[in-house]
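K.L.:
Sharing a model prediction with you, sequence too.
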Amino acid sequence: MFAVTVIFEVKPGAMGQFLPRMRQQAADSLAREPGCTQFDVWTDPARPNDVFLYELYTGAAAFDTHLASDHFKSFAADVEAIVADKTLLTYAKQEA
């Protein structure tokens with residue numbers, strides 16, 4: 001398994017535009033990518049401009065497929081102007 005976490009810092013006043021598009025991206029990823037097994041979108045009222053993503057893929061190659069997908073490229077273009085910052089981290093599961 002391959003885990004991805006992303007924190008988006010959305011520009012003030014743009015969360016109403018960002019969240020519906022983010023939820024659509026999560027649904028598209030789960031529906032169109034067999035290698036995407038989980039895609040959660042989280043918010044916290046204490047940090048009103050942040051959106052946290054937790055994604056699971058069958059492996060690093062599945063995540064590469066995600067990044068190359070048309071729906072991801074469309075999402076990235078749609079939100080580019082309203083994202084102030086983005087932090088992405090990846091983790092490979094270590095077997096016991």
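P.N.:
Received the coordinates, thanks.

K.L.:
Look up how far residue 63 lies from residue 26.
P.N.:
Shown here: residue 26 relative to residue 63, a distance of 14 Å by CB to CB, to the nearest Å. All C-beta spots, glycine's among them, are computed from the backbone N, C-alpha and C.

K.L.:
what's around residue 11, how many residues?
P.N.:
15 (other CB atoms under 10 Å).

K.L.:
give me phi/psi at it?
P.N.:
phi -60, psi 140 (degrees, to the nearest 10).

K.L.:
Isn't it up against residue 84?
P.N.:
Yes. Using CB atoms under 8 Å, residue 11 is in contact with residue 84, at 5.0 Å.

K.L.:
what is in contact with these two at once?
P.N.:
Listed contacts common to residue 11 and residue 84 are residue 49; contacts here mean CB atoms under 8 Å, 6 or more residues apart in numbering.

K.L.:
Do a quick rundown of the helices in this protein.
P.N.:
In the chain, the segments counted as helices under DSSP state H are 15-32, 60-68, 70-79.

K.L.:
would JSON lines of the ones you listed with mean neighbour count, distance to residue 46 and mean pLDDT be doable?
P.N.:
Output for those, formatted as JSON lines (neighbours: other CB atoms under 10 Å; distance: least, CB to CB, whole Å; pLDDT from 0 to 100):
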{"stretch": "helix 15-32", "mean neighbour count": "15", "distance to residue 46": "14", "mean pLDDT": "97"}
{"stretch": "helix 60-68", "mean neighbour count": "15", "distance to residue 46": "29", "mean pLDDT": "96"}
{"stretch": "helix 70-79", "mean neighbour count": "14", "distance to residue 46": "22", "mean pLDDT": "96"}
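
K.L.:
want to throw those helices into JSON lines with distance to residue 52?
P.N.:
Output for these, formatted as JSON lines (distance: least, CB to CB, whole Å):
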{"stretch": "helix 15-32", "distance to residue 52": "11"}
{"stretch": "helix 60-68", "distance to residue 52": "17"}
{"stretch": "helix 70-79", "distance to residue 52": "15"}
